[in-house]
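K.L.:
Give me a model of this one.
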Amino acid sequence: MNITDLAVLIGRTKRSVVDNGDRRSIVMVRSYDWPISDVWDAWTDPDRLARWLGELRGTPLGRRAGIGDTVQLWVGPREPDTATLTILACEAPERLTVRWQWPGETDSFVDLTLRAVDEHHSEVRLEHTALTGDRAAEYGAGWEELLARAAAVLDIRDESDAGFEGFLEEVTPLWTEAAASAATDPRWPILIDAEDGSAVVVGRTFTQPIGVVWELLTSPASMVEWFGDFAGSAELRGAFSITFDGGSATGTVRECAAPDHLMVSWSWAHQDFETLLSVHLRETEAGTVVTLRQDGVIGPALGYSAGWSAYLAAAERQLSGRLRSEAAWQADWEIAFQMISREPAR
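P.N.:
Got it, this is the predicted structure:
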């Protein structure tokens, strides 16, 4: 591969590294000149996957995969070069999420999302989350080479002869630089310890305007699609209840300043104390930043943190036109739970 071809390959990937406490995530986005169905097939058909990633042993991926199924992925010639993948979400042709278990490493997660740009082009977003230690740059460079090899398979070339010499040498410094400038992603929960209970902080950036996001988060008709069944009043000083698959909560609207700020009291039905839940919306060039904070949490604050993060992810899916999915929510919860960081009271 000449230097021009190499530059083109590397230029098609956007890369970043995210920090949260002692856990890190690598994120890369790559465009493909192929329909989303073909790209999904390259990731999930065992024969095509073996040409660029590794040999699958166990339950096939794709449409036949079930939540909780386990797959062995052989990526090298030696016995230790095997990843154990547990399927957490599989929604063809848009999302595949797995728990990644590699010998000698803490469990992490690979979250793959595909988006159709148009009839003939698609985009892949790969996030390898909850990495520990200094493996982020190494994993980032490795995955980026594999995504480029997947493109060779889609172009019906023999990727082993596609000429990837020098690829890792060129891309590794880019990932080292990304790791050195890693930022915190608001999606990942922060748990703040306090004498009167913990404070939970989570966030998310939506690409839609602030008015659209406000309506999604506060309208009872919208909430039922991603959150729960709302009953009561959403007006100032109004009392309400929300029912979920596994329980319910009650509260009162304390403050409501559309489309920027909402504050409610919040009490889970199975607990006898009240917390304060506030939601702030801020419009930026990237879209609408939502920050949710719950103060006075006593008990399983880690689980609540991951839950709020998963619900904001569900809200984003709703705005993207995707159906509500319990498996997707659970996958988002598991990933968020591993990415929680703790901070002392401030």
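
K.L.:
where do the helices sit along the protein?
P.N.:
3-11, 36-44, 46-52, 136-154, 167-180, 210-218, 220-226, 301-319, 326-339 (DSSP state H).

K.L.:
Among those helices, single out whichever gets nearest to His121.
P.N.:
Closest approach to His121 among those (Cβ to Cβ): helix 36-44, 8.7 Å. Where C-beta positions appear, they are placed from N, C-alpha and C, glycine not excepted.

K.L.:
Report all helices and strands that that closest one contacts.
P.N.:
On a contact count with 3 or more Cβ pairs under 8 Å, 6 or more residues apart in numbering; DSSP states H and E, helix 36-44 meets helix 46-52, strand 108-116, strand 122-131, helix 136-154.

K.L.:
and if we set it to 6 Å?
P.N.:
strand 108-116, helix 136-154 (3 or more Cβ pairs under 6 Å, 6 or more residues apart in numbering; DSSP states H and E).

K.L.:
thinking again about what came up before, out of the helices of the chain, name the one with the poorest average pLDDT.
P.N.:
Among the helices of the chain, helix 3-11 carries the lowest mean pLDDT, at a mean of 66.

K.L.:
Against Trp188, how distant is Val279?
P.N.:
17 Å (Cβ to Cβ, to the nearest Å).

K.L.:
For the helices of the chain, please prepare JSON lines with the additional fields mean neighbour count and distance to Ser241.
P.N.:
Formatted as JSON lines, those follow (neighbours: other Cβ atoms under 10 Å; distance: least, Cβ to Cβ, whole Å):
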{"stretch": "helix 3-11", "mean neighbour count": "13", "distance to Ser241": "52"}
{"stretch": "helix 36-44", "mean neighbour count": "20", "distance to Ser241": "40"}
{"stretch": "helix 46-52", "mean neighbour count": "16", "distance to Ser241": "47"}
{"stretch": "helix 136-154", "mean neighbour count": "21", "distance to Ser241": "43"}
{"stretch": "helix 167-180", "mean neighbour count": "16", "distance to Ser241": "45"}
{"stretch": "helix 210-218", "mean neighbour count": "19", "distance to Ser241": "15"}
{"stretch": "helix 220-226", "mean neighbour count": "16", "distance to Ser241": "11"}
{"stretch": "helix 301-319", "mean neighbour count": "21", "distance to Ser241": "16"}
{"stretch": "helix 326-339", "mean neighbour count": "21", "distance to Ser241": "20"}
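
K.L.:
how about those helices in JSON lines, adding distance to Gly203?
P.N.:
Below are these laid out as JSON lines (distance: least, Cβ to Cβ, whole Å):
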{"stretch": "helix 3-11", "distance to Gly203": "30"}
{"stretch": "helix 36-44", "distance to Gly203": "28"}
{"stretch": "helix 46-52", "distance to Gly203": "35"}
{"stretch": "helix 136-154", "distance to Gly203": "21"}
{"stretch": "helix 167-180", "distance to Gly203": "21"}
{"stretch": "helix 210-218", "distance to Gly203": "12"}
{"stretch": "helix 220-226", "distance to Gly203": "16"}
{"stretch": "helix 301-319", "distance to Gly203": "7"}
{"stretch": "helix 326-339", "distance to Gly203": "12"}
